[in-house]
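>>> give me coordinates for this.
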Amino acid sequence: MSKTARGTTALDRLRDRLDQDGHVCSACGYVHPDPSWEAVTTGDRIQYRRRCDSCGALARRTYRL
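Next up, the predicted model:
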């Protein structure tokens, strides 16, 4: 079963790619069953964040626009 992109913008496609990539917490090794990244932007940067359900560690990916 193939997953289709949920959005049409480049940022939507990037979030989809992050959701498909490694779902293991780097701090505790917890495997996320449904990783979902939250996007926050400052205008010149966009930061994708995900909090671990097990230990609360914050994973971040920041991109300059």
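
>>> gap between residue 15 and residue 55?
Separation of residue 15 from residue 55 (C-beta to C-beta, to the nearest Å) stands at 23 Å. For glycine as for every other residue, the C-beta is placed from the backbone atoms N, C-alpha and C.

>>> show me which of those two is the more surrounded one.
Shown here are residue 15 and residue 55; by other C-beta atoms under 10 Å, residue 15 has more neighbours (21 against 11).

>>> all strands for the protein, in order.
38-41, 45-51, 58-64 (DSSP state E).

>>> compare the ones you listed and give me the one nearest residue 26.
Closest to residue 26 of the strands of the chain is strand 58-64 (C-beta to C-beta; 6.8 Å).

>>> what sits up against that closest one?
14, 18, 25-26, 37, 44-52 (C-beta atoms under 8 Å, 6 or more residues apart in numbering).
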